[in-house]
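1. Below: sequence and its predicted model.
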Amino acid sequence: MARMLSVLDLFGQCRPTLTVEDIAEALSISRPTSYRYVRILLDANLLQPAGNATYALGPKIITLDHWIRAADPVLQSARPLIKRLASTTGFDCIISGWFGNQVLDTHREHGVMSVDLPLYDRGRPRPLFAGSAPKLILASLPNAQLRKVFDNHRQQALAAGLPGEWPAFRKYYAAIRRAGRYLSNGEGHLQYVSVGAPIVNPADGLWSTLTVVFDKSQLQIVDTGKLTDLTIETAKSINALIDRNAAERRLF
């Protein structure tokens, strides 16, 4: 079952559709086994035909995403608040979280000066060592978990200009954690600037991050200090609303 479900992991930006042969080659399985996997996944609506003997992710994924959004306590609380922040600033506001071993954006509220970039779309993995959201999320991890990230992605961290030795790497992220904010200037994408703040679960640590993104050409006219304060204030309001909503659910 796990091997069959791994077919879903093969899809991505570079491979939005796959053939039976693509799947067989990627998973090192026979063509009959690949056909069997595809048939089962088609029956479950996890895959759908895409023409020319290719297959794409199916409509069941859309349904599951709807219920994921409905069950996400951060999104339930954050949406009206970040909508107001996007309206106030005119910039895109992004909610991101840590899922397994990657940073994913879970919601994007467009401002009137929205950036034309799919990097921040829902479900899109973010570069692990660049940008406000990844920096704040990694800074929140316990040392043992952060060490695992360092050991597994050391060359990637070095390529991003981060320290190549564990003590210095840990110290770098400890400073970000103490600051409780981060301003990224051209890290995730050379053209954009973002300011971020953590959305914290007091019991389990970091829940998510809130970032505000704008074009670098506007940097000279943006009061980044005030924008950062607004971002932190909104993140704290989201925290408070999450706590209040959780308390109300416990009453019933």
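-> Okay, I see it.

2. contacts and neighbour counts: CA atoms only from here.
-> OK.

3. how much space is there between Arg154 and Leu128?
-> 11 Å (CA to CA, to the nearest Å).

4. Hmm, Asn113 is touching Phe91, no?
-> I think there's a mix-up here, since residue 113 is Met and not Asn. Yes: between Met113 and Phe91 there is a contact at 5.5 Å, judged by CA atoms under 8 Å.

5. overlap in contacts of these two?
-> Phe214 (CA atoms under 8 Å, 6 or more residues apart in numbering).

6. quick one: which of those two has more around it?
-> Between Met113 and Phe91, counted using other CA atoms under 10 Å, Phe91 has the larger neighbour count: 22 against 15.

7. can you tell me which residues contact the closest residue to that one other than its chain neighbours?
-> Nearest non-adjacent residue to Phe91, counting by CA to CA, 6 or more residues apart in numbering: Gly111, 4.4 Å away. Contacts of Gly111 were listed using CA under 8 Å, 6+ apart, and they are Ala86, Ser87, Thr89, Gly90, Phe91, Asp92, Cys93.

8. Kindly recompute the last result at 6 Å.
-> Ala86, Gly90, Phe91, Asp92 (CA atoms under 6 Å, 6 or more residues apart in numbering).

9. tell me the phi and psi of the second one?
-> Spelled out, that is Gly90. phi 80, psi 0 (degrees, to the nearest 10).

10. What's the separation between it and Pro198?
-> Look at Gly90 and Pro198: by CA to CA, they are 21 Å apart.

11. So for the two, which sits in the more crowded spot?
-> Per other CA under 10 Å, whichever of Gly90 and Pro198 has more neighbours is Pro198, with 30 against 17.

12. Is that one located within a helix, as I assumed?
-> No: secondary structure of Pro198 (DSSP: H, G, I helix; E, B strand; the rest coil): strand, not part of a helix.

13. I'd like the distance between the spatially most central residue of the chain and Ile137.
-> Residue closest to the mean C-alpha point of the chain, counted by CA atoms, centre = their mean, is Leu104 at 1.5 Å. Distance, Leu104 to Ile137, by CA to CA: 11 Å.

14. quick one: common contacting residues for these two?
-> By CA under 6 Å, 6+ apart, no residue touches both Leu104 and Ile137.

15. I figured Asp215 was touching Tyr192, is that so?
-> Yes: here Asp215 lies in contact with Tyr192, judged by CA atoms under 6 Å, at a distance of 4.6 Å.

16. all helices in the stretch 101-250 of the chain, in order from the N-terminus.
-> When assigned using DSSP state H, counting those that start in this stretch, the helices of the stretch 101-250 of the chain occupy the ranges 132-140, 143-152, 154-159, 166-179, 224-250.

17. Of all those helices, which one is nearest Asp72?
-> Nearest of the helices of the stretch 101-250 of the chain to Asp72, taken as CA to CA: helix 224-250 at 10.3 Å.

18. pLDDT of the closest one, averaged?
-> For helix 224-250, the mean pLDDT works out to 88.

19. and it, what other elements does it pack with?
-> In terms of contacts (3 or more CA pairs under 6 Å, 6 or more residues apart in numbering; DSSP states H and E), helix 224-250 is packed against helix 73-89, strand 192-201.

20. got the angle for that helix vs strand 192-201?
-> 30 degrees (axes from the mean of the first three to the mean of the last three CA atoms, to 10 degrees).
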